[in-house]
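**Q** Return atomic coordinates for the entry below.
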Amino acid sequence: MVFLTPWALLLLPITLLPFWLKGHQGKVYTWLEMMPEDKLSDRLNLAIKVVTALLLANIVIALANPRGHDEKIQRTGKGAQTVMVIDRSVSMDHPFTGDNSGNVAEIKSVAARRIISQFIDSRPNDMMGVVGFTNSALYGVKITTNRDAIHSAIIAATSPSLNQTNIGAGLTEGIGLFDKIENSGSRAIILLSDGAGKLSPRVKFLLSQRLKERKLSIYWIMLREPGEPSIFTKEVYAEDRVPNSIVLHKYFQSLGLKYNAYEAEDAESLQSAIRDIDSREKKAIKYIETIAGYDYSQVFIIIALILGLLILTIKNLTIKDGVHE
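**A** Residues are numbered from 1 along each chain as shown. Have a look, this model is predicted:
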């Protein structure tokens with residue numbers, strides 16, 4: 001057993017208060033010899049002190065928040081260790097370009113939240129982490145199996161922020177999450193953005209080094225803005241006029257790692273990209289699941305409640321004319 005708030009145990013000396021404090025009777029007698037000896041009352045008085053001390057002890061221990069030791073269980077399943085690196089720039093709060101019928105399309109961030117949430121729920125064996133980014137990286141959640149924490153991080157990462165796209169910072173933070181967990185055998189970065197900031201040579205070198213050391217698969221889902229050139233275009237640009245998205249695409253290709261890129265112009269193509277990633281990342285993996293220890297504080301609170309009821313019962317016992325009531 002461990003105590004999450006052990007400082008509360010410093011209050012344990014208050015359990016001695018019932019023995020230090022003397023009770024006062026309802027009447028005062030000038031000559032105690034006139035009072036008959038009442039052994040039963042003396043015993044009940046001692047019992048009240050003992051029970052009160054136990055009640056206080058249980059309350060103090062409950063405040064110390066006792067827990068059982070966490071249990072680690074190795075599980076085997078099909079899935080991957082995945083980190084979602086999600087663009088949180090203001091442009092993600094714009095709608096897709098629209099469908100052929102001329103109707104207004106779904107907001108990109110809303111579609112991303114909905115589709116990624118479905119992806120998370122469809123992969124119960126995956127361990128996932130989340131990082132958002134705008135002008136800098138925004139930590140979401142470490143790589144975990146806790147679906148509630150992952151969903152909360154996705155909601156935060158698909159909320160709008162500043163009008164900047166620092167993909168380098170987001171990728172650096174996302175890669176760093178893999179350092180805090182043992183390799184399960186299948187690891188991937190999923191980058192979701194509607195643009196690509198310019199990466200400096202230094203950042204490119206560091207990203208290349210870290211991605212290769214960890215042997216990470218890379219998936220990039222590019223949510224195209226209206227009029228933006230395709231990253232798969234065959235058009236030749238002057239060296240100083242190549243769009244940042246195409247530069248980033250070629251950079252990923254040059255790493256020699258498993259890399260797949262997708263372009264999404266609507267919610268359906270985004271859904272299709274996620275489905276393809278889902279089909280590719282289903283390898284047998286082993287992972288450790290931590291089961292939280294039992295919360296014993298509830299037990300001590302229940303015991304304190306029972307002791308409190310016992311004190312009330314004892315306190316209401318009286319003796320009149322030799323008859324117990």
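**Q** Helix or strand: which one has the most centrally placed residue in the chain?
**A** Central residue of the chain (Cα atoms, centre = their mean): Ala149, 3.4 Å from the mean position. Counting by DSSP states H and E, the element that carries Ala149 is helix 147-157.
**Q** tell me what the strand or helix carrying Ile302 is packed against?
**A** Secondary structure assigned from DSSP H and E places Ile302 in helix 297-315. Contact partners of helix 297-315 among helices and strands, from 3 or more Cβ pairs under 8 Å, 6 or more residues apart in numbering; DSSP states H and E: helix 39-63, strand 66-67. C-betas here are computed from N, CA, C, even on glycine.
**Q** Next, the angle helix 297-315 makes with the longest one.
**A** Meaning helix 39-63. 160 degrees (axes from the mean of the first three to the mean of the last three Cα atoms, to 10 degrees).
**Q** so how far is helix 39-63 off the chain centroid?
**A** Here helix 39-63 is found 41 Å from its chain centre; the criterion is Cα atoms, centre = their mean, to the nearest Å.
**Q** now stretch 243-252
**A** That offset, for stretch 243-252, works out to 33 Å (Cα atoms, centre = their mean).
**Q** what residues does that stretch touch?
**A** Contacts of stretch 243-252 from elsewhere in the structure, counted by Cβ atoms under 8 Å, 6 or more residues apart in numbering, are 167, 195-199, 204, 218, 220, 222, 228-229, 231-233, 237, 259, 261.
**Q** Let's see that with 10 Å instead.
**A** The contact list for stretch 243-252 (Cβ atoms under 10 Å, 6 or more residues apart in numbering) reads 165, 167-168, 171, 189, 191, 193-199, 204, 207-208, 211, 218-220, 222, 224-225, 228-233, 235, 237, 242, 259-261, 263.
**Q** ok, and the closest non-adjacent residue to Leu207?
**A** Ranked by Cβ to Cβ, 6 or more residues apart in numbering and with sequence neighbours excluded, the top spatial neighbour of Leu207 is Leu171, at 5.8 Å.
**Q** nope, Gly68 is what I meant
**A** Per Cβ to Cβ, 6+ apart, closest to Gly68 is Gly293, 3.2 Å.
**Q** ditto for Leu11
**A** Nearest residue to Leu11, sequence neighbours excluded (Cβ to Cβ, 6+ apart): Val60, at 4.7 Å.
**Q** residue contacts, that neighbour?
**A** Neighbours of Val60 in contact, by Cβ under 10 Å, 6+ apart: Ala8, Leu9, Leu10, Leu11, Leu12, Pro13, Ile14, Thr15, Phe300, Ala304.
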